[in-house]
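Engineer: Pasting the sequence and the predicted model now:
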Amino acid sequence: MTSLITSRARHVAVIGLGAAGLVAVRELRREGHTVIGFEREKHVGGLWVYTDRVEPDSLSVDPDRTIVHSSVYQSLRTNLPRECMGYSDFPFVTRSGEGDPRRYPDHREVLMYLQDFAKEFKIEEMIRFDTEVLCVEPTPENNRNWSVQFKSSSGVSGEEIFDAVVVCNGHFTEPRLAHIPGIESWPGKQIHSHNYRIPDLFKDQVVIVIGSQASGNDISKDIATIAKEVHISSKAVASDSYGCYDNLRIHPTIYRAREDGSVVFRNGKVVFADAIVHCTGYKYHFPFLKNNGYVTVEDNRVGPLYKHVFPPAFAPGISFIGLPFMFFMFEIQSKWVASVLSGRVKLPTEDKMMEEAIAFYTKLEDLGIPKRYTHFLTDPRGNPMLGTFKPEDAVVISQSDYFNWIAKQCRCTYIERWRERLYNVAIKKIFFGGDSYRDQWDDDQFIEEVYGEFAKLKSNQDCSS
Ligand code: FAD
């Protein structure tokens, strides 16, 4: 398939109009392609469209349940500073006189930013809202085209043929659950953070929160405002430690749950709990993909993929944006996909892409990095989840290197130095910055420089328009 691409405009479907799909649509159109975006909901913004609704099955294990897309809870603020979240040519700056001006704003502010982006680049005119993609498969008579089958909530269904499909369906809707021996007969209530909105349900209760990453951290503190006790079960805590903070305590992982309502931690502590909240992350999930097993999800590795984007056997007809999940990553991946589809940038042969993908997986295995962290690109020196790695290994998993590699392919701007610096500090702050990491900064002068860059960008944009 790769060698057959010639330089021309393609007819492209984009599935999902969250932060990834919005920028994908823009980049594809900029490159001259005709684009149709399919969005299951009635609005752009994806994850950031907050809703009070939750799924009827609080652990979201029933495959036939009614899906609620968003996993945003009412008190959510971003876990990165706004400056480093925005797309490169549309800075995420404070809106004059309205919204949340904080550097780590609430979820409404992010949604407004995405809505502004859609408006600025007239993206909505290319979207079919309220239209769920049910099936994507190569056409049988011509393996170079893709059939997209869809259905609206009013029951209208259809099929359309595209030259290419760009998958941007989001990765925070299908929960992962921790395996807890004995949980089947444990009598308390359980929910996954996907179905958590407000703490009221836990008033005066004893609650165990599993997971101490960004959501686990936020949600445990949210619940602690109203619950009797909150016990966090964390992989990051050594088996004999027992932290304490008001009504919030930190334990190691759970050893087992018992019929009498008790939960035993690996340090031997026993807690009788009313509820368990699983903040244990999400699974990549592509229920609409019918491709004879060429792309699989195995322990949360979507593969085989060339550089997290193209399955070698189908490239460039199908691509994935946003497996590593940062707005600026979505933008650069979209530029790459758009320029490969037009033929301006070439991919290696299928064999070479496959070789590269396998070499990457082998390297991760040699480093002892579990499959589920395959798409988790970050500076290994800053991420406690990935342990300690030698600097020469950074090239395997560093986000900046990955970003700059793609930028080189499509001959566009490398990651801004300020963004790289700010991002690396911000990631460390999530893990080591304490409770007030969002509000305590001492980088005023540096941020002034960043805003200077934004002002220059604006004045260049004004001159060229
Ligand atoms: P989504 O925003 O989930 O959008 C996917 C879209 O696809 C949705 O609109 C959905 O309706 C649509 N869709 C899905 N399936 C179909 C289908 N079959 N047919 C049609 N449409 C479909 N990142 C940050 O940078 N900063 C943060 O502070 C931050 N906080 C986060 C907090 C939480 C709780 C979570 C879960 C994630 C957070 N993230 C954060 C990471 C997040 O990945 C990104 O912010 C980003 O919004 C994800 O965008 P997306 O477009 O990939 O997915």
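Structural biologist: Arrived safely, thanks for sending. Numbering: from 1, shown residues only.

Engineer: mind listing what's buried in stretch 144-161?
Structural biologist: Using 16 or more other CB atoms under 10 Å as the test for burial, stretch 144-161 gives 145-151. Where C-beta positions appear, they are placed from N, C-alpha and C, glycine not excepted.

Engineer: Which one of those residues is nearest to Val309?
Structural biologist: Trp146 (16.0 Å; CB to CB).

Engineer: so who does that closest one touch?
Structural biologist: Residues in contact with Trp146 (CB atoms under 8 Å, 6 or more residues apart in numbering) are 13, 136-139, 161-165, 317-318.

Engineer: and what of Asp462?
Structural biologist: Counting by CB under 8 Å, 6+ apart, Asp462 has no contacts.

Engineer: Not counting residues beside it along the chain, what's closest to the residue nearest to the spatial centre of the chain?
Structural biologist: With distances taken as CA atoms, centre = their mean, the chain has Phe325 as the residue nearest its mean C-alpha position (4.0 Å). Leaving aside its sequence neighbours, Phe325 sits nearest to His171 (CB to CB, 6 or more residues apart in numbering; 6.6 Å).

Engineer: how about the one you found, secondary structure?
Structural biologist: When classified by DSSP: H, G, I helix; E, B strand; the rest coil, His171 comes out as coil.

Engineer: Quick one: residues contacting it.
Structural biologist: With CB under 8 Å, 6+ apart, His171 has these contacts: 282-285, 322-323, 325.

Engineer: Show me the subset of these that also lies near the ligand.
Structural biologist: Here is what survives when the contacts of His171 are matched to the ligand using CB under 6 Å from any ligand atom: 322, 325.

Engineer: ChimeraX command for the buried members of the contacts of His171?
Structural biologist: Buried residues within the contacts of His171, by 16+ other CB under 10 Å, are selected in ChimeraX with:
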select :282,284,285,322,323,325
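
Engineer: Output the contacts of His171 as a markdown table; include the columns distance to Lys203, secondary structure and pLDDT.
Structural biologist: Rendered in a markdown table, the data for the contacts of His171 read as follows (distance: CB to CB, whole Å; DSSP: H, G, I helix; E, B strand; the rest coil; pLDDT from 0 to 100):
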| residue | distance to Lys203 | secondary structure | pLDDT |
| --- | --- | --- | --- |
| Tyr282 | 27 | strand | 95 |
| Lys283 | 31 | coil | 96 |
| Tyr284 | 35 | coil | 96 |
| His285 | 33 | coil | 95 |
| Gly322 | 37 | coil | 96 |
| Leu323 | 39 | coil | 95 |
| Phe325 | 33 | coil | 83 |
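
Engineer: TSV please, covering the contacts of His171 and showing distance to Trp48.
Structural biologist: Below are the contacts of His171 laid out as TSV (distance: CB to CB, whole Å):
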residue	distance to Trp48
Tyr282	15
Lys283	20
Tyr284	19
His285	19
Gly322	14
Leu323	19
Phe325	13
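
Engineer: Which member of the contacts of His171 is positioned nearest Glu98?
Structural biologist: Nearest to Glu98 out of those is Phe325 (CB to CB; 27.4 Å).

Engineer: contacting residues for the closest one?
Structural biologist: 20, 171, 375.

Engineer: Can you list the residue ranges for strands in the stretch 301-450 of the chain?
Structural biologist: For the stretch 301-450 of the chain, strands defined by DSSP state E, counting those that start in this stretch occupy the ranges 301-303, 318-320.

Engineer: So for Gly32, which of the ones you listed sits nearest?
Structural biologist: strand 318-320 (17.0 Å).

Engineer: hmm, who's touching that closest one?
Structural biologist: Here strand 318-320 has contacts from 136, 146, 164-167, 291, 295, 302, 305, 308-311, 337, using CB under 8 Å, 6+ apart.

Engineer: what about 7 Å?
Structural biologist: Strand 318-320 has contacts (CB atoms under 7 Å, 6 or more residues apart in numbering) with 146, 164-167, 302, 305, 309-311, 337.

Engineer: Repeat that for stretch 92-111.
Structural biologist: Residues outside stretch 92-111 that contact it (CB under 7 Å, 6+ apart) are 45, 48-50, 72, 76-78, 81-83, 85-86, 112-113, 438, 441, 454.

Engineer: returning to that earlier point: could you dump the strands of the stretch 301-450 of the chain into TSV with mean neighbour count added?
Structural biologist: Output for these, formatted as TSV (neighbours: other CB atoms under 10 Å):
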stretch	mean neighbour count
strand 301-303	20
strand 318-320	26
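
Engineer: Could you point out which of the ones you listed sits nearest the ligand?
Structural biologist: strand 318-320 (9.8 Å; CB to the nearest ligand atom).
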